[in-house]
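A.B. asks: What follows is a predicted protein model with its sequence.
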Amino acid sequence: MFELTVIVEFEAAHRIVGYPGKCNRLHGHNWSIEVSVVGNKLNELGMLVDFKELKQEVNKIMDRLDHQYLNELPIFQENNNPTAENIAIYIYNELENSPLFEANSKVKTVKVWESQKSAVSYSKGE
Ligand SMILES: Nc1nc2c(c(=O)[nH]1)N=C([C@H](O)[C@H](O)COP(=O)(O)OP(=O)(O)OP(=O)(O)O)CN2
Ligand SMILES: [Zn+2]
């Protein structure tokens with residue numbers, strides 16, 4: 001089994017509505033998103049997935065989040081706070097439907113780093 005990982009970054013503002021502390025206030029982060037993909041079968045170039053193509057797919061999703069006030073986006077309405085957890089679920093669900101994963105590979109994990117010291121991983125069981 002091969003496991004391949006790319007990292008992309010975006011910057012955005014958010015607040016955690018209802019949080020009993022400073023994170024309830026508007027603030028920003030430089031988020032790093034680690035996406036891991038697994039599979040067995042390599043293509044004719046000897047690749048599971050082209051890093052470049054994978055980063056392009058992830059960046060299409062990042063473009064919707066980059067330099068946004070996340071709380072204002074439709075995906076983070078109705079008690080769906082833009083936490084690292086909910087950002088990870090959103091990216092995972094969007095990415096797993098990409099045509100890039102129709103053949104020999106699938107998304108394993110989306111890890112959202114909110115700072116150098118805090119991260120959340122999201123994956124779906126078998
Ligand atoms: N499980 C989660 N916990 C927290 C999240 C989250 O998304 N998932 N988010 C926050 C806030 O966004 C906050 O900005 C980060 O909190 P914290 O690590 O406390 O803030 P600092 O980077 O300033 O770290 P210090 O250790 O206080 O310097 C909170 N929790
Ligand atoms: Zn925050």
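C.D. replies: Here it is on my side, so go on. Ligands and ions are numbered 1, 2, ... in the order given.
A.B. asks: hey, let's count contacts and neighbours off CA atoms from now on
C.D. replies: Noted.
A.B. asks: Residue for residue, what is the longest helix the chain has?
C.D. replies: In the chain, with assignment by DSSP state H, the single longest helix is helix 51-65.
A.B. asks: any idea which element the residue nearest to the spatial centre of the chain lies in?
C.D. replies: By C-alpha atoms, centre = their mean, the mean C-alpha position of the chain lies nearest to Ile91, the distance being 3.9 Å. Ile91 is part of helix 84-96 when elements are defined by DSSP states H and E.
A.B. asks: any idea of the mean pLDDT for that helix?
C.D. replies: Across helix 84-96, the average pLDDT comes to 97.
A.B. asks: elements contacting that helix?
C.D. replies: Helix 84-96 makes packing contacts with helix 51-65, strand 105-113, strand 119-122 when contacts are defined by 3 or more C-alpha pairs under 8 Å, 6 or more residues apart in numbering; DSSP states H and E.
A.B. asks: Up against ligand 1, what does this structure have?
C.D. replies: Within reach of ligand 1 by C-alpha under 6 Å from any ligand atom, the chain has these residues: 23, 83-85.
A.B. asks: Using a markdown table, please lay out the residues you listed together with distance to Asn40 and neighbour count.
C.D. replies: What follows is those, written out as a markdown table (distance: C-alpha to C-alpha, whole Å; neighbours: other C-alpha atoms under 10 Å):
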| residue | distance to Asn40 | neighbour count |
| --- | --- | --- |
| Cys23 | 42 | 14 |
| Thr83 | 33 | 19 |
| Ala84 | 30 | 20 |
| Glu85 | 28 | 16 |
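A.B. asks: send the alpha carbons of the longest helix of the chain over as CSV?
C.D. replies: C-alpha atoms of helix 51-65 as CSV (Å, rounded to 0.1, in the frame of the first residue of the first chain):
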residue,chain,number,x,y,z
PHE,A,51,1.4,15.4,-6.4
LYS,A,52,0.8,18.3,-8.8
GLU,A,53,-2.7,17.2,-9.7
LEU,A,54,-3.6,16.4,-6.1
LYS,A,55,-2.4,19.9,-4.9
GLN,A,56,-4.5,21.4,-7.7
GLU,A,57,-7.6,19.6,-6.5
VAL,A,58,-7.0,20.6,-2.9
ASN,A,59,-6.2,24.2,-3.9
LYS,A,60,-9.6,24.4,-5.7
ILE,A,61,-11.2,23.8,-2.3
MET,A,62,-8.8,26.1,-0.6
ASP,A,63,-9.7,28.9,-3.0
ARG,A,64,-13.2,28.9,-1.4
LEU,A,65,-11.7,29.4,2.1
